[in-house]
Structures are given as structure tokens and as C-alpha cells.
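Participant: The sequence and its predicted three-dimensional model are supplied below.
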Amino acid sequence: MKRLLLAALTFLCSLTLAAAGDARIILIAGRPSHGPGEHEHNAGVLLFKKCLASVPGVTVTHHLSGEWPEQGEFDGAAAVVIYSDGGGGHPALQGDRLQQLDALVKKGVGFGVVHYACEPTISKGQKEFLDWIGGCFEINWSVNPHWEADYKTLPNHPVTRGVKPFMINDEWYFHMRFREGMKGVTAILSAVAPESTMKRKDGPHEGNPAVREAVKNGEPQHMMWVAENSGGSRGFGFTGGHYHKNWGNGDFRKVVLNSILWIAKVEVPADGVQSSPTEDELKANLDSKPPRKPAAPKPVPAPAKP
């Protein structure tokens, strides 16, 4: 009996030691926002965690609805990924969190952002995001239209392992602000934005002369990129992720899962992270949101008087 108990304890200890040696990834989901099926930060983060569960050598922890990890949880972390709203309400811009993250990045911890979390503010966060991930959304420079991007070719990089060219409709931000000369930055998902993306009037997120000229000239736009930083850390930015249903697309999902491993300095499998979530798994953990109100019908102009 004692031998069986000793064997069981030894086995449990070995599991604990193995887990302690894993690369620990912290996923942070922002508060619910937008309508049903949009900006599903909680469901998205929980889906990422489920998909990464089968990857050996990785432990994933998560925080939902804008909850921020306690300082001690960051100790020994390999990467931090945020999927949330951005701008002034960005979770990373509150209190002293930029300083917390900067200290981690300087130790070699990876940092990644998904969708609206790509947008800090110019006065707070932009400098850090350029240092940590190589690029970010900048108001009055970048834009956020909904359009179908066609990713016809992919670079040879660990994060594209097992990913095939794909086409999908999302709120793809583009004309991002990058480091000077794209130093240390590799574009992963690039496409030419159609003229239809420029139908809106100029505005902080809608349009500006510089982006209109770029689209007119057919310049490729980068919607996902990775960065290798001077201090040894890695980062990535992914501007898609508005529609939760898009995580059901294997290539859309895999390139993000691969990137999470890469910034944590975990070897990306030869065929990328394998995951096949069911329809029920995709719909799990969606936030309870009231349906969007239908847009008011446009008034019909009165017929011209003869």
C-alpha cells in the first residue's frame, strides 16, 4: 500500500514539475461590447485556450471581462495576449499597467494584441506598442472598414506553418503606423484594399488623405505582422477578429494560435496548431447582449414639383 501511495505521489510530483517547466501564456479578454457575435472577447479568449490545450509544453491562464492579473501572476510568464476594445479604455492603458508590461517585455516576455486591442492612444501607449509589437492603429492615419481581404500569398515564417491563403470578410484595420523602415517587423497578412473601403467621409477611424492616396495607388496593406525586438522579446498584431464566427475558419484561427506560441518562444508545430472546434464550441461562452436595433429607414425624398 505504501509503495502504491509513494508511486502515486511521485507521479503527481512529476506532473507538477512538468507543468512548472511549461511556457506560461496569459490571455486577457476585455469587457463585452458591440452587438451579439461581435467583439466576443471572452468567448474568443476561452476558445484560444481550448485550442492551445493540446500543445505540449504550454500552460494557458486567462482573465475575462477586463479583469487584470495580479502582479505575481506575471512572474515567469512567457507571453501576454490581449483581445479587447482599445483607445482610451484599453485595458493596458489603465493605471501603471504600461509600466508593468514594459518591465515584462524588457525581460523577454512576448506581447500580442487582437483586433481593437491594436489601438492605444497617441499620447499613451503608442510608443510602447511600437517598441513591443512594431505597429499599431493610429487615429487620423489608420482606418477600420469592413471588407473582404484576399490573402493570396503568405511569407515563410513559423507563424504561417500549416496556414493556407484565404479570403474572409472582417473589420480589417489597415494603414497602420509601423516602426521606421519596418525595422524588425515582418508582415504576415497583406492584401490590397479595394476602393470600396474609402466610401466613408474623413474621420478619426474612417478616412484621411494619406490612406486614400495609398488605396488609390494599390499599395498592399498589412493586417497582421510580427516583430522581433532588440531586447529579445517578440510581438504580434492582428487587426481582424470583429466577427466571432470567423474563428471557425481554420486558417484565420491557426495564424493567431501559431503567433501566440511564437511570441512565447514555443516551437510552432510543422503543420501549425491543430484545432477543430465544433459549432457548439464556437458558440460557447458568448456574452449575453441585446440584439442590435435595426437601422432606421432612410426618408424617401418627396417628388419634385412640376
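Facilitator: Good, I have the coordinates.
Participant: where along the protein do the strands fall?
Facilitator: For the chain, the strands defined by DSSP state E cover 23-29, 58-63, 77-83, 110-114, 135-136, 146-151, 166-171, 177-178, 185-192, 220-228, 234-238.
Participant: so who does G218 touch?
Facilitator: By Cβ atoms under 8 Å, 6 or more residues apart in numbering, G218 lies in contact with V192. Every C-beta, even on glycine, is put in place using the N, C-alpha and C of the backbone.
Participant: That should have said G240, apologies.
Facilitator: Here G240 is in contact with H115, A149, I168, D170, E171, W172, L189, M223, M224, N246, F252 (criterion: Cβ under 8 Å, 6+ apart).
Participant: Which one of those sits in the busiest neighbourhood?
Facilitator: Top of the contacts of G240 by neighbour number is H115, holding 29 neighbours under the definition other Cβ atoms under 10 Å.
Participant: From P56, how far out is it?
Facilitator: According to Cβ to Cβ, to the nearest Å, H115 stands 28 Å off from P56.
Participant: do A187 as well
Facilitator: Separation of A187 from P56 (Cβ to Cβ): 30 Å.
Participant: go on, S84?
Facilitator: Distance from S84 to P56, counting by Cβ to Cβ: 29 Å.
Participant: Same question for N249.
Facilitator: In terms of Cβ to Cβ, N249 sits 25 Å off from P56.
Participant: So which of these two has more stuff around it?
Facilitator: Using other Cβ under 10 Å, the more surrounded residue of N249 and P56 is N249, with 15 against 9.
Participant: Go ahead and confirm the more buried one touches I168.
Facilitator: Yes: N249 is within contact range of I168, at 5.8 Å (criterion: Cβ atoms under 8 Å).
Participant: for this structure, which spans come out with low pLDDT?
Facilitator: By pLDDT under 70, the weakly predicted segments of the chain are 1-20, 292-306.
Participant: In it, which residue is most central in space?
Facilitator: V114 (1.7 Å; Cα atoms, centre = their mean).
Participant: And for the closest residue to that residue other than its chain neighbours, the neighbour number?
Facilitator: Spatial nearest neighbour of V114, chain neighbours left out: Y83 (4.1 Å); criterion: Cβ to Cβ, 6 or more residues apart in numbering. Counted with other Cβ under 10 Å, the neighbours of Y83 add up to 26.
Participant: now P291
Facilitator: Neighbour count of P291, defined by other Cβ under 10 Å: 7.
Participant: who are the neighbours in contact with it?
Facilitator: Shown in contact with P291 (Cβ under 8 Å, 6+ apart): G35, P36.
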